[in-house]
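1. what follows is a protein structure lacking sequence information:
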């Protein structure tokens, strides 16, 4: 998508160099991180220069290709593979990527590079498909609320929840987005707003508290959010606050959609009850970081000194609150039968 | 209530001096503002050194008494009355206070001072009564969620939503409070947490997004919030996010209570539909203020530069979402009949 009117992906490779948008600096500074070696790319994954399952997978694939370019001796590339996989051991897309590029590299170094490029291109194609299916349910003039950032920054391009918005806009539809701030890490206010601003899509940042007010006034036509993990029965784990929004949306009959690639489905996970919610550092709630009037980045305390905070990272929205899940193979009503069906569709 | 283990009211008068806790400096600095003249007290009201209907009313009463002490000549005190009433012309308690003290002052200066003290004492007594009624529905070990700050800082003492918590604690009950951060102005994270910390009441600050997660885990036994205005039919205008929380609480069968003195009821307002919601400055969403690691107060941008925000100050929770309204005369189910009855009770 566009940044300052130029097209970018979050991660790409030219020659033996991997380029990544440094997401740690967004939205206050836009810089491209250049990585010449697989070790540097590993560091970029570890330090969250790149984030989101799709983008991490692509970066890992490129890192694997960089390793082959450097030295295709079996001991070297298998050691490199383990190092790459250790950067974010809970990211399933990462293993999928390293395995595919590793296999291709056993044929030839050129094959490894092609496979890594294919991986990135497939991620883009899937995200675009999500956008195409999703755009079919966006009517002219729709006002859409979204939570957190499920835009192109977490993918190689297009994103999941925002992809339907981008495609609808490309189709010439008028769209408007209410962006939940998404405390405590404010991914909505920072990243989603940054994406939408760069794409010239009308939007307003709202406090997470304002959803019910807006829906009660008929100001929200639909909600679309992303997903971190979807259980076999259609329960969706996503950023804290998603469940809250789904309850409020149901109260006002506002259709609540989840957009996610099929790789997000975990059919080994029977239901949301099996998903353990990570508790994150309380300091994410207690402090906020941003530039002061001189542009110096400052970390400030925004709570009562001495009080503690509780910071659950995710919540689980039961399938019954979700009108549909938008995937690269179409939109389904979330239940076990539909999920197994769509995963087995060629 | 206690600050550093010493008892305080938000505002009090000794001799001709009015003392006010400077709420603009909380929670990062605790300072008492001393006002020697009614003009200085007017400035304190205007600059929000004092906030909340009850505390503003008491401060206005004291200011009126200060005017009589300075000069009881009719032209002077009637001019002073107008000046005091112009500080916050939308605060109804303020006019109630100036009228009462003015009338008393026409008899004698001493009477004016006594009446101003009575006003403050009545505010304390009413808030304590709210606490006593409210504490009856708080069981041992309850975990209570609250939104915004409806504690003693908005009253002369005790508060509304927090008064039942304080009284329950004084009765020896174990209580715990989940404090909604309450973006954008973070009155929960700043003021409610400050109050609870000083009263040694166990609490945790939570992002506004975490309510549904906690309730889904059975972690919240009840919610109590304050009110800015209650319509004749029981609809409640309160800080943005209150309606959101009420919907989520209803979804999980968590009893949702509003605590407010009878002066909050506006029987001329038929229903919540007649309440106009003020839109506040977008910069309250875009920026956050607090001390950095050196203790210097900094204002930092926490959103994407160039994106706009929408900042509704209040929302209206329909009566059907509210289990009960806790007043100084008892707890009522919110509907027109009960409201008219309780207001007319001697």
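-> All right, it came through fine. Please read these numbers as outputs of a predicted model, since none were measured by experiment. Residues are numbered from 1 along each chain as shown, chains lettered A, B, ... in the order given.

2. next up, phi/psi of residue A:277, please.
-> The phi/psi pair for residue A:277 (degrees, to the nearest 10) reads phi -90, psi 120.

3. so it makes contact with residue A:313?
-> Yes. With contacts counted by C-beta atoms under 8 Å, residue A:277 reaches residue A:313, the gap being 6.7 Å. Using the backbone N, CA and C atoms, a C-beta is placed for each residue, glycine as well.

4. neighbours around residue A:281, how many?
-> Close neighbours of residue A:281, defined as other C-beta atoms under 10 Å in any protein chain shown, add up to 12.

5. correction: residue A:309
-> With other C-beta under 10 Å as criterion, residue A:309 counts 24.

6. same check, this time on residue A:346
-> 3.

7. if I look at residue A:52, what pLDDT would I see?
-> For residue A:52, the model assigns a pLDDT of 88.

8. show me the domain layout of chain A.
-> Domain assignment for chain A, taken from automatic domain parsing, gives A:2-127, A:137-343.

9. quick one: contacts for the residue most central in space within chain A?
-> In chain A, the centroid-proximal residue (C-alpha atoms, centre = their mean) is residue A:154; its distance is 3.3 Å. Contact partners of residue A:154, counting by C-beta atoms under 8 Å, 6 or more residues apart in numbering or on different chains, are A:10, A:51-55, A:160, A:226.

10. of those, which is the nearest to residue A:211?
-> Among these, residue A:226 lies closest to residue A:211 (C-beta to C-beta), at 16.6 Å.

11. how about the helices of the stretch 101-250 of chain A, start to end?
-> Using DSSP state H, counting those that start in this stretch, the helices of the stretch 101-250 of chain A run over residues A:109-135, A:163-170, A:187, A:193-198, A:211-216, A:242-251.

12. for the second one, packing partners?
-> Pointing back at helix A:163-170 there. helix A:109-135, strand A:142-146, strand A:175-180 (3 or more C-beta pairs under 8 Å, 6 or more residues apart in numbering or on different chains; DSSP states H and E).

13. now do 7 Å
-> helix A:109-135, strand A:175-180 (3 or more C-beta pairs under 7 Å, 6 or more residues apart in numbering or on different chains; DSSP states H and E).

14. of all these, which lies closest to chain B?
-> strand A:175-180 (7.5 Å; C-beta to the nearest C-beta).

15. for the closest one, name the packing helices and strands.
-> strand A:142-146, helix A:163-170, helix A:193-198, strand A:203-206.

16. follow-up on the earlier one: ranking the domains of chain A by burial, who's on top?
-> domain A:137-343 (a mean of 21; mean count of other C-beta atoms under 10 Å in any protein chain shown).

17. okay, how far is it across that domain, tip to tip?
-> This stretch, domain A:137-343, spans 22 Å end to end (C-alpha to C-alpha, to the nearest Å).

18. need the outlier residue of chain A, farthest from its centre.
-> In chain A, residue A:73 marks the outermost C-alpha relative to the chain mean, sitting 34.6 Å out by C-alpha atoms, centre = their mean.

19. three-state assignment of residue A:69?
-> helix (DSSP: H, G, I helix; E, B strand; the rest coil).

20. per-residue pLDDT of the nearest residue to it once chain neighbours are set aside, please?
-> Distances taken as C-beta to C-beta, 6 or more residues apart in numbering or on different chains place residue A:16 nearest to residue A:69, at 4.8 Å, with adjacent residues excluded. Residue A:16 is assigned 96 on the pLDDT scale.

21. next: residue A:197.
-> 98.

22. hmm, it is touching residue B:307, no?
-> Yes. Counting by C-beta atoms under 7 Å, residue A:197 touches residue B:307, with 5.4 Å between them.

23. where does chain A dip in pLDDT?
-> Applying pLDDT under 70 to chain A picks out no residues at all.

24. got a list of what residue A:56 touches?
-> By C-beta atoms under 7 Å, 6 or more residues apart in numbering or on different chains, the contact list for residue A:56 reads A:45, A:50, A:88, A:91, A:93-94.

25. make CSV out of the residues you listed and add secondary structure and distance to chain B.
-> Converted to CSV, the contacts of residue A:56 look like this (DSSP: H, G, I helix; E, B strand; the rest coil; distance: C-beta to the nearest C-beta, whole Å):
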residue, secondary structure, distance to chain B
A:45, helix, 24
A:50, coil, 19
A:88, coil, 24
A:91, coil, 23
A:93, helix, 26
A:94, helix, 27
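
26. mind putting those in TSV, distance to residue A:111 included?
-> Output for these, formatted as TSV (distance: C-beta to C-beta, whole Å):
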residue	distance to residue A:111
A:45	23
A:50	24
A:88	25
A:91	24
A:93	20
A:94	20
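
27. closest to residue A:221 out of those?
-> Nearest member of the contacts of residue A:56 to residue A:221, counting by C-beta to C-beta, is residue A:93, at 31.6 Å.
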